[in-house]
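In: pasting the structure only:
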Ligand SMILES: Nc1ncnc2c1ncn2[C@@H]1O[C@H](COP(=O)(O)OP(=O)(O)O)[C@@H](O)[C@H]1O
Ligand SMILES: [Mg+2]
């Protein structure tokens, strides 16, 4: 589904943001990317989105090389990017409108996603009047509404308080289980990666390459219960991952 082949990104001729990353992601998988700060996680995600071109190497999605952004690859960032002058519903239907989806279908889809994301009753509210968590949910609904086959998320819950964050993680899994999208999720929270993912890709520090891939789905079934965080296996995996990232930071 996603094939990242020897991808390298050098900024300004001397900042090697991504050293040499090769990775295959299966259709429908939830994959998290962990790694020390500055190791090129965002850069990698932006290249997958088609917003930045690799210096060398190729990225193919569904057999097609990524060369520019495409609605089939939706992106969600830490700072939600809603238009402040549009209502929640207008924000959510905007992408569909740009894609030429008719009004009736836009309305129907918007309703569906507003419901899915738990924002019923806030259709006509403006982003300003919503909490951080609600805004982030609306931003997610806006991306989901164009029905991307790949969902790229860059620390989407990084700005939320711990409680809202856990709730959002749970909701994201809920939505993902309904849509079957392939997800690539960048985070620097080990617990978040463990709770959400089928696989965790650990990147080394700059110049980054794939340090290790942990198969979480081997250990935890779906749907995930939040109390898996309390299990011994979770603690062991957390320690294992922590060790890897620590090593990367100190070496
Ligand atoms: N537009 C840019 N121009 C120059 N250097 C950049 C640019 N974007 C990121 N970098 C550098 O590339 C490296 C990787 O950045 P980034 O992908 O944001 O890492 P991460 O998301 O893992 O923290 C960092 O050293 C960062 O300073
Ligand atoms: Mg980043």
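Out: Received the coordinates, thanks. Quick caveat: nothing in here was measured; it's all calculated off a predicted structure. Ligands and ions are numbered 1, 2, ... in the order given.
In: hey, let's count contacts and neighbours off CA atoms from now on
Out: Fine.
In: what are the ranges of the helices in the chain?
Out: 41-49, 88-98, 103-116, 132-144, 162-179, 190-196, 232-250 (DSSP state H).
In: of all the ones you listed, which lies closest to ligand 1?
Out: Ligand 1 lies closest to helix 41-49 among the helices of the chain, at 3.7 Å (C-alpha to the nearest ligand atom).
In: And the closest one, how far out from the chain middle?
Out: 10 Å (C-alpha atoms, centre = their mean, to the nearest Å).
In: Same check on stretch 70-83?
Out: Counting by C-alpha atoms, centre = their mean, stretch 70-83 is centred 10 Å from the centre of its parent chain.
In: Okay, domains of this protein per the record?
Out: Annotated domains of the chain cover 1-72+149-231+244-250, 80-147 [the TED database].
In: that older thread, of the helices of the chain, which stretch is the most buried?
Out: helix 132-144 (a mean of 24; mean count of other C-alpha atoms under 10 Å).
In: Name the residues that touch that one?
Out: Defining contact as C-alpha atoms under 8 Å, 6 or more residues apart in numbering, one finds that helix 132-144 is touched by 74-76, 79-82, 88, 91-95, 113-114, 117, 119, 127, 156-157, 160, 164-165, 168.
In: The most centrally placed residue in the chain bridge partners, please.
Out: By C-alpha atoms, centre = their mean, the chain has its centre lying nearest to residue 153, at 2.1 Å. With DSSP bridges as the criterion, residue 153 is bridged to residue 76, residue 185.
In: any low-confidence regions in this structure?
Out: 249-251 (pLDDT under 70).
In: related to what we said a few turns ago, can the domains of the chain go into a markdown table with extra columns for distance to residue 238?
Out: Shown next, in a markdown table, are these (distance: least, C-alpha to C-alpha, whole Å):
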| stretch | distance to residue 238 |
| --- | --- |
| domain 1-72+149-231+244-250 | 6 |
| domain 80-147 | 26 |
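In: Make CSV out of the ones you listed and add distance to ligand 1.
Out: Compiled in CSV, those are given as follows (distance: least, C-alpha to the nearest ligand atom, whole Å):
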stretch, distance to ligand 1
domain 1-72+149-231+244-250, 3
domain 80-147, 17
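In: any chance of the helices of the chain in CSV, with distance to residue 64 too?
Out: Putting the helices of the chain into CSV (distance: least, C-alpha to C-alpha, whole Å) gives the following:
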stretch, distance to residue 64
helix 41-49, 12
helix 88-98, 22
helix 103-116, 27
helix 132-144, 21
helix 162-179, 22
helix 190-196, 27
helix 232-250, 33
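In: hang on, the earlier thing: ok, the residue nearest to the centre of the chain touching residue 182?
Out: No: Residue 153 is beyond contact range of residue 182, at 11.0 Å (criterion: C-alpha atoms under 8 Å).
In: quick one, what contacts residue 205?
Out: 35, 36, 37, 38, 39, 248, 249.
In: could you redo the last one with a cut-off of 6 Å?
Out: Residues in contact with residue 205, defined by C-alpha atoms under 6 Å, 6 or more residues apart in numbering, are 36, 39, 248.
In: Equivalent analysis for residue 206, please.
Out: Contacts of residue 206 by C-alpha under 6 Å, 6+ apart are residue 39.
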